[in-house]
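> take this sequence and fold it.
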Amino acid sequence: MIRSFVAADLLTLGNGFCGTGSVLAAMQYLVTLESRWIVTALALLPIALILDFADGRVARWRRRSSFLGADLDSLADVVSFGLAPAALGFALGLRGAGDVVLLLYFVACGISRLARFNATADALSDESGKVRYFEGTPIPTSVFIVLLLAALHFTGRTGPQFWLGEWHIGGLLLHPFTLLYAISGSAVISTVRVPKI
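Numbers count the residues shown, from 1 in each chain. Okay, the predicted model is just below:
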């Protein structure tokens, strides 16, 4: 199988490695509370975004993609732009029961969006085989949440002092910040057409 990989696939795997590394670094932060681990977790996701952008460019430039390309890309994206941002939010203090429900919703939306894309990509393609538009916002847009989390971490607005405070609703703890995850998740599963660049 490895011999069937092309250059674009290696970039896609790099994307997945960055996402997985981010999750593991966030877990290490929870164990040690050493800031270097959360900084590593935050830094890996913009790198994953660059690799995600580059893999498609390389495949088109070389006019070569593997039979695994689209599925490999979706699986890497679920880790890097679905699971990893949720894990970062949890590690930085979004741990109330209400937060967890919305983080799970966010990840489920990402999985669903990528499955829909893979199932409908052929129908959305033009004569050249290129997809003309995305249905729903692309899942890598979750990097904006990661950048906001980074800004909050570096200004000391995470953990017990999480920005915007917390709400207690029917015995559930919810940080209003987690609503950004719910909005992002809802946007990726929406039917809004976003032109592909």
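
> tell me the centre residue of the protein?
The centre of the chain sits closest to Phe81, judged by CA atoms, centre = their mean, with a distance of 0.8 Å.

> next one: that residue, what pLDDT does it get?
For Phe81, the pLDDT comes out at 96.

> ok now whatever helix or strand Ala86 lives in, how far from the chain's centre?
Secondary structure assignment for Ala86, by DSSP states H and E: helix 84-91. With CA atoms, centre = their mean, to the nearest Å as the basis, helix 84-91 stands 10 Å off its chain's centre.

> and the gap between the residue nearest to the centre of the chain and Trp167?
27 Å (CB to CB, to the nearest Å). C-beta here means a position set from N, CA and C on the backbone, and glycine is covered the same way.

> next one: Tyr105
Relative to Trp167, and taking CB to CB, Tyr105 is found at 17 Å.

> so for the two, which sits in the more crowded spot?
Legend: neighbour count by other CB atoms under 10 Å for Tyr105 and Trp167, higher for Tyr105 (17 against 14).

> and the more buried one, how far from Ala86?
Counting by CB to CB, the gap from Tyr105 to Ala86 is 10 Å.

> joint contacts of those two?
Common contact partners of Tyr105 and Ala86 (CB atoms under 8 Å, 6 or more residues apart in numbering): Tyr181.
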